[in-house]
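Asker: Pasting the sequence and the predicted model now:
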Amino acid sequence: MKTFRPQEQVDFVVIGSGAAGGIMAKQLSTAGFSVVVLEQGGWGKYGHERDYTKDELLSEHPAQADRLMSNPDLQPNTFRRNASQDAGPGVHSYGCVVGGGTVTYGGSSWRHLPWEFNEASTVGSIAGTGLADWPITYEELAPYYTQAEWEMGISGLRVDSPFVAPMTREYPVPPVPLKSSGALLKVAAANLGLTVVPGPLAIITEPYMGRPGCVNCGMCSDFGCHVRARSSSAVTVLPIAVETGRCEIRPNSYVHEIRVNDAGRVTGAVYFDALGQQVFQAARAVVLSANASESARLLLLSASNRFPNGLANSSGVVGKYLMLGNGAGASALFEHPLNDYKGVVSGAAIVDFVPSDRSRGFYGGGRITSRGYYTPISLGLNSLSPGQPRWGAGYKRALRDEAQHRMNLNCFTTQLPLETNRVDLDPVVKDAWGLPAMRITSTSHPDDIKNMEFFRQKSIEILEAAGATKVWAGAVNDSRGSAHNRGTCRMGNDPATSVVDKYHRAHDVPNLFVVDGSSFVTGGRNHPTMTIQALAFRAAENLVRAARAGEV
Amino acid sequence: MRNEGKSRRSFLTKSATGLGGAWILTNYPAILAAQEHVLAAEESQQLQFAFFTPEQAVEVEAMAAQIIPTDETPGAREARVVHFIDRALVTFERDRQEDYTQGLADLEAETRSRFPSARRFSQLTFDQQIELLTAIEQGPFFNLVRTHTITGFFAHPVHGGNHSNVGWELIGYDNSLQHEAPFGYYDALPQAAVRLGAGGQQ
């Protein structure tokens, strides 16, 4: 791998190597630019993925070098429901390794539907929210969805349905096998007149671009993929970037400041290296792809005399309109074994309730997906049905009776953008480097809560229609943190109300680009990664054009 | 099959190592009988504990054996959960050592207070043990041991518990990490073979 000296000015520093950062690194380096990717996490098993552990206990208690997610002991975050409260310990976490969250995610790769880019126009304004149209349309983004599906490697089935985004091209590889949970969804859908589709997944099902198909190991989400079937940035775009000889991935590099000069242009990024030493990497331009929560925090940490409210924050919008990701669900037992722990985590989906429907009396919508995630320890500790004993002979009998017979529905639902839901800097709590911790303030809009309850009830109805022998569902919970966080640096045409323009260039800083889930104006129906990837391919194309024209 | 008539030591100590869990389930009654003899021979050379005293290990194992009892299939005792817990307490659960030291002392005090003729929890009858654990099942020590017992029962055997995969066998979990559809009953049915989503409707 090509390496650069920090004082050597490269064309681009890319901060973050996940869904967006990996794509930006690849597109910029293959276009001929020099790139340093600063990733706060470690290498993971980059280049030797076969060494990823499938050990549930080790996954829960990783050594620091083996961590795939952020470490709350080193990087605590705090949480409060509203600005009048003192924040307490938070639960937010995100992928923190070369490849970011794509190394461990379930792989759901839903496109936004065309109308999800202009809901303010079509639904109308909703009091107390910042619901707004995106500055781009589905038609503008569609070619980049296709590009992302084919360059990353997405499995799925193109369907003609009003509840699924239209496609001009098939998926590059066929969908994952139908699981028993999917077969049962079909039974329910036939009884209720609903539509079942296989989930589009960043998990290839047959050899594609030099990688083998999924072996249905079942130790999927939260684990690294030992056969490289999960189409993470680490096995797709990042190796291509490195192969150009113009891109260096520099892990264990925790950026805490994007530096600016007197002209108001960024000059590079300052980070703590693995030894805790501060290093300045000089660059002609900076691409910030650290995920919606950390990108916003880093802009706020980068306050300076010239940008006293935080970098790129003349609007005051940085950190606001945070959408963490809401959901609901239900579980059930069936007469015969499903063995839903085998295969991918995210199975088939019912999509009829994706659109909002005024007749429900609230704004909302979402997808109902079967999700078979029962690793043995988590099953034993807390996944038996309500009313079962917690220990003893009855507990053991319940384990035996339920383990193979269980099915779960997870709904991924809307969360309205509210100005008061935000990321900022905690005034008290510091991380292990002495930097202000991330503080999250979030309370979902009442419609979001009603929507979650709607999906909870729908899940129960569907499982009953599938013939379950027992159905249960916990109360819905407003989110406190999620890897699906979006919306903190929303894109828009008006510099007074948005942070980046429609090409992800910061309104306030001509050579700073923020490309990740923070750009989202509205949240879709949760599953954000495919849209992040499409946005990144589009942003990169425009950035390459601008850089070649000397406009960066 | 109740454990009161059996030794309180792990009895699948050495001879079953390397045998598949399915074999153990099939032959379990015979193994029990055989292991009684093996145990007697090995009584003097127990596996070494890193944290527990031999006396503490007996008490922890007695608790674990009530949380996941031995019936027609192996329980926490045969899974060697106590060895898992012992190793955990000197590694990733090091900060829980004091909880065990104090918890076991409290358990002994509770035993003597409820059953004045008994000295230790492990000496109680099966039903007395259940009675005592039921009384403390909301308390932090019981729940710590419960969490550790279940974790050890289902964690990968390299961590000292789930010996011969007995935990995984109980729940039908196949750790081969390579599976082919159909995975269960319902996706094997002929009507499930129809591809989803054709025309958007099923």
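Answerer: Noted; the coordinates are in hand. Keep in mind it's a predicted model, so treat the numbers as computed, not measured.
Asker: For chain A, just list every one of the helices.
Answerer: Ranges of helices in chain A, per DSSP state H, are A:19-30, A:56-60, A:119-123, A:138-148, A:180-192, A:237-243, A:292-301, A:376-382, A:393-402, A:446-465, A:529-548.
Asker: Can you name every helix or strand that the first one contacts?
Answerer: Counting contacts by 3 or more C-beta pairs under 8 Å, 6 or more residues apart in numbering or on different chains; DSSP states H and E, helix A:19-30 packs against strand A:10-15, strand A:35-38, helix A:237-243, strand A:247-250, strand A:278-288, helix A:529-548. No exception for glycine: its C-beta is placed from N, CA and C like everyone else's.
Asker: returning to what we had before: I'd like the helices of chain A as CSV, with mean neighbour count and mean pLDDT appended.
Answerer: Shown next, in CSV, are these (neighbours: other C-beta atoms under 10 Å in any protein chain shown; pLDDT from 0 to 100):
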stretch, mean neighbour count, mean pLDDT
helix A:19-30, 29, 98
helix A:56-60, 19, 93
helix A:119-123, 17, 93
helix A:138-148, 19, 98
helix A:180-192, 24, 96
helix A:237-243, 22, 98
helix A:292-301, 27, 98
helix A:376-382, 19, 95
helix A:393-402, 17, 98
helix A:446-465, 20, 98
helix A:529-548, 22, 98
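Asker: after the helix or strand containing residue B:112 comes which helix or strand?
Answerer: Taking DSSP states H and E as the definition, residue B:112 sits inside helix B:97-114. As assigned by DSSP H and E, the chain's next helix or strand after helix B:97-114 is helix B:126-136.
Asker: That following helix: how far from the chain's middle?
Answerer: Helix B:126-136 has its C-alpha centroid displaced from the chain centroid by 18 Å (C-alpha atoms, centre = their mean, to the nearest Å).
Asker: circling back: now do the buried residues in the helix holding residue B:112.
Answerer: B:100, B:103, B:104, B:107, B:108, B:110, B:111 (16 or more other C-beta atoms under 10 Å in any protein chain shown).
Asker: can you tell me which residues contact residue 59?
Answerer: You didn't pick a chain, so chain A it is. Residue A:59 makes contact with A:53, A:222, A:223, according to C-beta atoms under 8 Å, 6 or more residues apart in numbering or on different chains.
Asker: try again with chain B
Answerer: Taking C-beta under 8 Å, 6+ apart as the test, what residue B:59 contacts is B:104, B:107, B:108, B:120, B:121, B:122.
Asker: How about the contacts made by residue B:55?
Answerer: By C-beta under 8 Å, 6+ apart, the residues touching residue B:55 are residue B:120.
Asker: so it, which of the three states?
Answerer: helix (DSSP: H, G, I helix; E, B strand; the rest coil).
Asker: quick one: which helix or strand includes the residue lying closest to residue B:136 once chain neighbours are set aside?
Answerer: Spatial nearest neighbour of residue B:136, excluding adjacent residues (C-beta to C-beta, 6 or more residues apart in numbering or on different chains): residue B:142 at 4.8 Å. Assessed by DSSP H and E, residue B:142 sits inside helix B:140-154.
Asker: I'd like to check the angle between that helix and helix A:393-402, please.
Answerer: If you take axes from the mean of the first three to the mean of the last three C-alpha atoms, to 10 degrees, helix B:140-154 sits at 40 degrees to helix A:393-402.
Asker: next helix or strand past helix B:140-154?
Answerer: Counting by DSSP H and E, the element after helix B:140-154 in chain order, helix or strand, is helix B:166-170.
Asker: which outside residues touch that following helix?
Answerer: Contacts for helix B:166-170 (C-beta under 8 Å, 6+ apart): A:376, A:380, A:396, A:399-400, A:403, B:21-22, B:24-25, B:73-74, B:78-79, B:153-155, B:161-162, B:174-175.
Asker: Now, of the residues you listed, which are buried?
Answerer: A:376, A:380, A:396, A:399, A:403, B:21, B:24-25, B:73-74, B:78-79, B:153-155, B:161-162, B:175.
Asker: that older thread, could you give the number of residues near the residue nearest to residue B:136?
Answerer: By other C-beta atoms under 10 Å in any protein chain shown, 22 other residues sit near residue B:142.
Asker: residue ranges for the strands of the stretch 251-400 of chain A, please.
Answerer: In the stretch 251-400 of chain A, the strands defined using DSSP state E, counting those that start in this stretch lie at A:254-260, A:266-272, A:278-288, A:326-333, A:346-350, A:366-371.
Asker: As a markdown table, these with distance to chain B would be great.
Answerer: A markdown table is the format used below for the strands of the stretch 251-400 of chain A (distance: least, C-beta to the nearest C-beta, whole Å):
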| stretch | distance to chain B |
| --- | --- |
| strand A:254-260 | 24 |
| strand A:266-272 | 26 |
| strand A:278-288 | 32 |
| strand A:326-333 | 12 |
| strand A:346-350 | 6 |
| strand A:366-371 | 11 |
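Asker: Redo the ones you listed as TSV? Include mean neighbour count.
Answerer: Output for those, formatted as TSV (neighbours: other C-beta atoms under 10 Å in any protein chain shown):
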stretch	mean neighbour count
strand A:254-260	22
strand A:266-272	23
strand A:278-288	22
strand A:326-333	24
strand A:346-350	28
strand A:366-371	27
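Asker: The ones you listed into a markdown table, with extra columns for mean pLDDT?
Answerer: Converted to a markdown table, the strands of the stretch 251-400 of chain A look like this (pLDDT from 0 to 100):
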| stretch | mean pLDDT |
| --- | --- |
| strand A:254-260 | 98 |
| strand A:266-272 | 98 |
| strand A:278-288 | 98 |
| strand A:326-333 | 96 |
| strand A:346-350 | 93 |
| strand A:366-371 | 96 |
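Asker: With distance to residue A:491 as new columns, can those strands be given to me in CSV?
Answerer: What follows is those, written out as CSV (distance: least, C-beta to C-beta, whole Å):
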stretch, distance to residue A:491
strand A:254-260, 18
strand A:266-272, 18
strand A:278-288, 13
strand A:326-333, 22
strand A:346-350, 28
strand A:366-371, 23
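Asker: Compare the ones you listed and report which one is nearest to residue A:488.
Answerer: Comparing the strands of the stretch 251-400 of chain A against residue A:488 with C-beta to C-beta, the closest turns out to be strand A:278-288 (11.2 Å).
Asker: Quickly run through the sheet partners of that closest one, with directions.
Answerer: Strand A:278-288 sits in its sheet next to strand A:10-15 (parallel), strand A:266-272 (antiparallel), strand A:512-514 (parallel), going by DSSP bridges.
Asker: what helix or strand does residue B:86 sit in?
Answerer: Per DSSP H and E: residue B:86 is located in helix B:81-88.
Asker: Against residue A:456, how distant is residue A:473?
Answerer: As for residue A:473, its distance to residue A:456 is 5 Å (criterion: C-beta to C-beta, to the nearest Å).
Asker: just residue A:199 next, same as before
Answerer: From residue A:199 to residue A:456 the distance is 20 Å (C-beta to C-beta).
Asker: most centrally placed residue in chain B?
Answerer: residue B:76 (1.7 Å; C-alpha atoms, centre = their mean).
Asker: residues in contact with that residue?
Answerer: For residue B:76, the contacting residues are B:61, B:64, B:65, B:67, B:68, B:69, B:82, B:149, B:152, B:153, by C-beta under 8 Å, 6+ apart.
Asker: ok, which of the residues you listed also contact chain A?
Answerer: B:67, B:68, B:69, B:153 (C-beta under 8 Å from any C-beta of the partner chain).
Asker: My read is that the last one contacts residue B:82, right?
Answerer: No: in this structure, residue B:153 is not within contact of residue B:82 by C-beta atoms under 8 Å, at 11.1 Å.
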